[in-house]
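>>> just to be clear, the model below is a prediction. Sequence and coordinates:
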Amino acid sequence: MMSSDTATQQLDGRTVREIVEHNHEMVSEAWCRRIVRQVLQSLEVQYGMRMPHRLITPDTLLILDSGDPMLLPSSDEEPDPESLPEIEARDVHDLAAVVHYAVTLDLVPTTPLRGRPLGDYSESFIEAIDRCLAPDPALRPHTIEQMRELLGIVVLAPPSAALLPPEEDDAAPVQAAAPADVPVAPAVTPAPSVAPVHLPRTRSAPDPTAAPAATERPRRWLLIGIVALVVAAALAALFALLRQADSSDALALSVPPALDEPYNASETPLVALPQEPAARLEGPVIDETASGAPVAPPPAPDAAVPPTAVQLAPRGTPPEAAVAGTTYTLAIKPWGTIVVDGVERGASPPLRRITLPPGEHTIRIVNPSFPEHTITVNSVEGQAGTIELDFTEEAAQ
């Protein structure tokens with residue numbers, strides 16, 4: 001026989017004490033009524049079958065994961081039928097004490113529920129629990145039916161009462177005492193003074209009708225396991241097929257050999273784009289103020305736009321005027337933005353001079369209201385020059 005401790009370990013659930021101490025928010029009047037209703041049904045079955053059980057305490061009343069209560073069995077001997085009324089009265093009191101503990105967290109019900117701030121509990125429920133725990137035993141209910149009446153529990157469509165079977169030792173003398181020539185009436189065995197046994201649909205009470213369901217449950221799990229294996233095999237086959245298809249469709253790609261020398265992007269470009277030559281000022285640039293001769297304008301790319309006058313200072317210019325190269329004096333009217341080699345230098349005026357390093361430079365003079373002017377100068381170290389442009393005169397021409 002399996003011990004009660006082993007049976008407790010194999011059940012999935014928690015005791016009332018564990019629920020009250022760790023999840024007291026689960027305790028409510030509906031939760032307590034469900035425990036009382038199903039435990040009373042279980043007690044009826046156990047009384048009828050003379051099955052021993054432990055004392056009802058918060059540690060021996062187990063709440064399964066389904067929410068159904070189960071009273072843990074006991075390894076004691078079968079109870080004496082004459083002591084059943086006393087056991088029934090004790091169980092009713094202990095069950096009410098467990099409910100009192102679940103509501104108040106008091107292991108010993110020293111004070112009644114009435115008058116305490118309990119929350120959403122009905123008056124009938126509070127009065128019934130206090131009545132079961134009354135200090136005067138005469139005021140307490142002593143049977144399951146009396147406790148049901150106090151709590152208003154109604155058993156709907158109960159099965160027929162299952163009485164205890166007659167004992168063979170008591171029925172044999174009755175038949176032997178009758179004469180042989182006198183017809184013997186069927187022996188009538190008085191029903192013992194126990195409450196009718198209603199077979200509940202709980203895990204804690206044996207249910208004869210549950211035998212087919214118990215046999216079908218392993219079959220159901222067996223079918224589920226077979227289906228799972230079939231699905232796993234199908235997935236494995238599909239995965240292997242996909243891998244085979246991927247390997248057959250793969251193309252062998254060869255990696256090009258590494259270059260002996262790294263490619264230098266600064267060398268000759270792959271494609272040479274044609275570029276238009278920048279406009280340059282051909283011929284000598286003279287000082288107009290020194291010679292008094294008319295200055296012939298240099299050829300320009302656009303005949304409609306006259307070139308910008310660029311003059312170099314004579315060789316007598318002090319060197320401090322252009323240290324890094326040629327210093328150009330700007331005379332732009334009314335104004336223009338100076339852009340040298342694509343870099344904007346500012347607007348002239350107020351810009352009056354710019355110094356360019358030696359070498360060839362492209363100068364653009366931009367005014368949104370007039371055509372743009374572009375010139376190319378060759379800056380020489382130690383010289384000075386003048387860039388003069390009047391947009392208004394050109395517009396008048």
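Sure thing, it's come through. Numbers count the residues shown, from 1 in each chain.
>>> those helices in the chain, which residues are they?
4-10, 16-22, 29-49, 84-104, 123-132, 144-151, 168-176, 210-249, 288-291, 391-396 (DSSP state H).
>>> okay, buried residues for the third one please.
Just to be clear, that refers to helix 29-49. Within helix 29-49, the residues scored as buried using 16 or more other CB atoms under 10 Å are 29, 31-33, 35-48. All C-beta atoms are positioned from the backbone trio N, CA, C, and that covers glycine.
>>> ditto for the fifth one
Neighbour-count burial for helix 123-132 flags 125, 126, 128, 129, 130, 131, 132 (criterion: 16+ other CB under 10 Å).
>>> mind giving me the packing neighbours of it?
helix 29-49, helix 84-104, helix 144-151 (3 or more CB pairs under 8 Å, 6 or more residues apart in numbering; DSSP states H and E).
>>> repeat that for the third one.
Here helix 29-49 touches strand 61-64, strand 69-71, helix 84-104, helix 123-132, helix 144-151, going by 3+ CB pairs under 8 Å, 6+ apart.
>>> pLDDT on stretch 99-113, on average?
Stretch 99-113 carries an average pLDDT of 93.
>>> now the terminal residues of it, how far apart.
This stretch, stretch 99-113, spans 11 Å end to end (CA to CA, to the nearest Å).
>>> same check, this time on stretch 127-139
Start-to-end, stretch 127-139 (CA to CA) is 12 Å.
>>> before we move on, what about stretch 102-121?
Distance across stretch 102-121, first residue to last, is 13 Å (CA to CA).
>>> tell me which residues in it are buried?
Buried-residue list, stretch 102-121, by 16+ other CB under 10 Å: 102, 103, 104, 109, 112, 113.
>>> and the two most separated of those?
102 and 112 (15.2 Å; CB to CB).
>>> one step back: got TSV for the helices and strands packed on helix 29-49, with distance to residue 78 too?
Formatted as TSV, those follow (distance: least, CB to CB, whole Å):
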stretch	distance to residue 78
strand 61-64	22
strand 69-71	16
helix 84-104	11
helix 123-132	27
helix 144-151	20
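>>> quick one, which of the ones you listed gets closest to residue 370.
Ranking the helices and strands packed on helix 29-49 by proximity to residue 370 (CB to CB) places strand 61-64 first, at 96.7 Å.
>>> and that closest one, average pLDDT?
With pLDDT averaged residue by residue, strand 61-64 scores 94.
>>> stretch 14-34 too?
Stretch 14-34 comes out at a mean pLDDT of 95.
>>> now the stretch 151-300 of the chain, which segments are flagged as low pLDDT?
Within the stretch 151-300 of the chain, the segments meeting pLDDT under 70 span 156-216, 245-300.
>>> picking that back up, and the buried residues of helix 123-132, which is closest to residue 378?
Nearest member of those to residue 378, counting by CB to CB, is residue 125, at 110.7 Å.
>>> tell me which residues touch the closest one, please.
Applying CB atoms under 8 Å, 6 or more residues apart in numbering to residue 125 gives the contacts 29, 32, 33, 151.
>>> quick revisit: how about the helices of the chain in JSON lines, adding distance to residue 346?
Output for these, formatted as JSON lines (distance: least, CB to CB, whole Å):
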{"stretch": "helix 4-10", "distance to residue 346": "92"}
{"stretch": "helix 16-22", "distance to residue 346": "80"}
{"stretch": "helix 29-49", "distance to residue 346": "87"}
{"stretch": "helix 84-104", "distance to residue 346": "90"}
{"stretch": "helix 123-132", "distance to residue 346": "94"}
{"stretch": "helix 144-151", "distance to residue 346": "100"}
{"stretch": "helix 168-176", "distance to residue 346": "128"}
{"stretch": "helix 210-249", "distance to residue 346": "65"}
{"stretch": "helix 288-291", "distance to residue 346": "26"}
{"stretch": "helix 391-396", "distance to residue 346": "17"}
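>>> for residue 334, find the nearest of the ones you listed.
helix 391-396 (6.5 Å).
>>> so which bits of the closest one are buried?
Neighbour-count burial for helix 391-396, with 16+ other CB under 10 Å as criterion, is recorded at residue 391.
>>> excluding chain neighbours, what is closest to residue 383?
Distances taken as CB to CB, 6 or more residues apart in numbering put residue 326 closest to residue 383, at 4.8 Å, once the chain neighbours are dropped.
>>> give me the neighbour count for residue 231.
Here the number of neighbours of residue 231 (other CB atoms under 10 Å) works out to 10.
>>> now residue 100
So residue 100, with other CB under 10 Å, has 23 neighbours.
>>> for it, which non-adjacent residue is spatially closest?
Once flanking residues are discounted, residue 100 sits nearest to residue 109: 4.3 Å by CB to CB, 6+ apart.
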